[in-house]
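**Q** Any chance you can model this:
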Amino acid sequence: MRRTRWTLALMGAALGACSPADAVDRIFATETGAIRVATLAEGLSHPWAIDFLPDGRIVVTERPGRLRLVAADGQISDPVAGLPEVDARGQGGLLDVAVHPDFAANRLIYLTYAEPGDGGANSTAAARGRLSADGARLEDVEVLFRQEPKVRSTKHYGSRLVFDGAGRLFVTTGERSDARYRTQAQDLDSLLGKIVRLNEDGSIPGDNPFLGRAGARPEIWSYGHRNIQGAAIHPETGELWEIEHGPRGGDEINIARAGVNYGWPVVSHGVNYDGSAVGTGRRQAAGMADPLVTWTPVIAPSGMVFYRGAAFPAWAGDLLIGGLRSQALVRLELDGERVVAEERLLRPLDRRIRDVAVGPGGAVYVATDERKGEILRITPAEGR
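**A** This next block holds a predicted model:
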């Protein structure tokens, strides 16, 4: 069993009072030393994802459908033009953003979003385009992936993008929440509740696990997922780790392996929102993988990264996860595939943490899911 620390970490001194509408500049004690948390940019409408350009500027999505660039001094650009149309109802809109690892040569930026369809239906889609030299627009935009079928729902889009470092791209999806759709997470002819694996140009890798199987979508990497809003490549093993929302209880971390069934909605560590049992009412079943760790009550995870950087040597290899319901940045210490300790940071700020990223120099950045959302920068407090 993992050893959970409920110290909450941020019980230290503050640099003045702070409400959700105020810029943040505070110092907190943590289990590994004091940290400074400061607002870099504010006034963003429900920012969903952040990533970094080689020059240090941040690319940020706003869920209503805008992509912006944030300079090192916090200046926010006008919306980047040329984006595809998004369906910004409910949990949908413009979602993840990922800068291509070779951006300096190709200027490619990848996006996921809720793509509108006929009669109010929609689904998760992934596209890429080239950022113009002046940063004002995306050019040559092409759709690489469309989740099928499109359905009438405004929930559970999943939607994280992860490059594997070897020319492949993972896209996480959701099972669209409604009971009439969710069982498709178990169906290999549907892309609901799946992780898909593509080449960076959207084509299908020749070693995907279901390629050539009758009745199975060749894009599928793994299945039986609920709503994956956090995913990252382990820096040592190269495997994809993902974290997904449970229903009432049962948030879970998995290592997403080729062809594996992760159980939703047949088994779950949570229950439905009305208290009824999920699927069989069991937590385990033959042929379905058990999660590495679960949370009940939920943290409502969104965004995750393995920490690598010089700023926080004590965090080396730790997993950092954004928490919406928990209003925390959750730091997990790992021993191989075991979680051995947990610390919850930022809770006194009362912010929903939507995404987390490590920037140049090892500073940690988080995006807050608020009507007037922020990008917060976390650095060691020494020298303040």
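**Q** What distance do you get for residue 185 to residue 165?
**A** As judged by C-beta to C-beta, to the nearest Å, residue 185 and residue 165 stand 28 Å apart. In this view, the C-beta of every residue, glycine as well, is placed from N, C-alpha and C.
**Q** Between the two, tell me which one has more neighbours.
**A** When residue 185 and residue 165 are compared on other C-beta atoms under 10 Å, the one with more neighbours turns out to be residue 185, at 27 against 10.
**Q** for the more buried one, what are its contacts?
**A** Contacts here follow C-beta atoms under 8 Å, 6 or more residues apart in numbering; on that basis residue 185 touches 175, 192, 193, 194, 223, 224, 225, 226, 264, 265.
**Q** likewise residue 67?
**A** Residue 67 neighbours (C-beta under 8 Å, 6+ apart): 59, 60, 61, 79, 80, 83, 94, 97, 109, 111, 138.
**Q** will you turn the residues you listed into a markdown table that also has pLDDT?
**A** As requested, the contacts of residue 67 are exported to a markdown table (pLDDT from 0 to 100):
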| residue | pLDDT |
| --- | --- |
| 59 | 98 |
| 60 | 98 |
| 61 | 99 |
| 79 | 98 |
| 80 | 98 |
| 83 | 98 |
| 94 | 98 |
| 97 | 99 |
| 109 | 98 |
| 111 | 99 |
| 138 | 98 |
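**Q** Take the contacts of residue 185 and write them to a markdown table, including pLDDT and secondary structure.
**A** Shown next, in a markdown table, are the contacts of residue 185 (pLDDT from 0 to 100; DSSP: H, G, I helix; E, B strand; the rest coil):
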| residue | pLDDT | secondary structure |
| --- | --- | --- |
| 175 | 98 | coil |
| 192 | 98 | coil |
| 193 | 98 | coil |
| 194 | 98 | strand |
| 223 | 99 | strand |
| 224 | 98 | coil |
| 225 | 98 | coil |
| 226 | 98 | coil |
| 264 | 98 | coil |
| 265 | 98 | coil |
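**Q** any chance of the residues you listed in a markdown table, plus neighbour count and distance to residue 291?
**A** A markdown table is the format used below for these (neighbours: other C-beta atoms under 10 Å; distance: C-beta to C-beta, whole Å):
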| residue | neighbour count | distance to residue 291 |
| --- | --- | --- |
| 175 | 30 | 16 |
| 192 | 27 | 20 |
| 193 | 31 | 15 |
| 194 | 28 | 17 |
| 223 | 30 | 15 |
| 224 | 21 | 11 |
| 225 | 27 | 11 |
| 226 | 26 | 11 |
| 264 | 26 | 11 |
| 265 | 20 | 14 |
